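K.L.:
quick one: sequence plus predicted model below, questions after.
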Amino acid sequence: MKNIYIVIGVIVILGLLIFVYVKYINKGDYGTTTPTQTESQAIGQNTVTIKNFGFSPANLDVTKGTKVTWINEDSVDHTVISDDNKFNSGTISKGGKFEFTTTDVGTYSYHCSIHPNMTGQFIVR
């Protein structure tokens with residue numbers, strides 16, 4: 001009977017360790033690639049992937065004069081339109097891309113007009 005309590009104790013401890021790993025260390029993503037609105041990318045990198053109905057990274061820092069490229073890796077069409085109408089990609093089909101060269105310092109917020117919940121921004125420094 002004492003051995004059963006030891007086995008149950010070991011199982012409970014292993015379960016807690018797995019829970020802590022998934023919740024706090026692995027962040028529970030299980031290898032998915034769904035972008036979040038809080039993702040950022042380092043200055044100097046300039047490609048945004050459109051996938052799983054989101055922009056990845058959703059936030060991007062670039063230097064003035066950088067060409068930002070959006071690549072549609074999703075199964076449906078999307079657009080990239082700045083909230084202040086400084087750029088408009090038109091429809092980007094699967095495998096297509098859109099490029100915009102930054103000329104002014106500032107924050108550029110943008111969205112997909114087909115899927116308004118898709119938003120992103122990049123900051124030009």
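P.N.:
All right, it came through fine.

K.L.:
quick check on Asn117: phi, psi?
P.N.:
phi -80, psi -10 (degrees, to the nearest 10).

K.L.:
now do Pro116
P.N.:
The phi and psi values for Pro116, taken as degrees, to the nearest 10, are phi -60, psi -20.

K.L.:
how much space between the nearest residue to Val105 once chain neighbours are set aside and Tyr5?
P.N.:
In this structure, Val105 finds its nearest non-sequential neighbour in Val124, 5.2 Å apart by Cβ to Cβ, 6 or more residues apart in numbering. All C-beta spots, glycine's among them, are computed from the backbone N, C-alpha and C. Taking Cβ to Cβ, to the nearest Å as the measure, Val124 falls 63 Å from Tyr5.

K.L.:
who's more crowded, the two?
P.N.:
Counted by other Cβ atoms under 10 Å, Val124 and Tyr5 do not tie: Val124 has more neighbours, with 18 against 9.

K.L.:
my guess is the more buried one contacts Asp104, does it?
P.N.:
Yes. Contact status for Val124 versus Asp104: in contact at 6.7 Å, counting by Cβ atoms under 8 Å.

K.L.:
brilliant, that's me finished.
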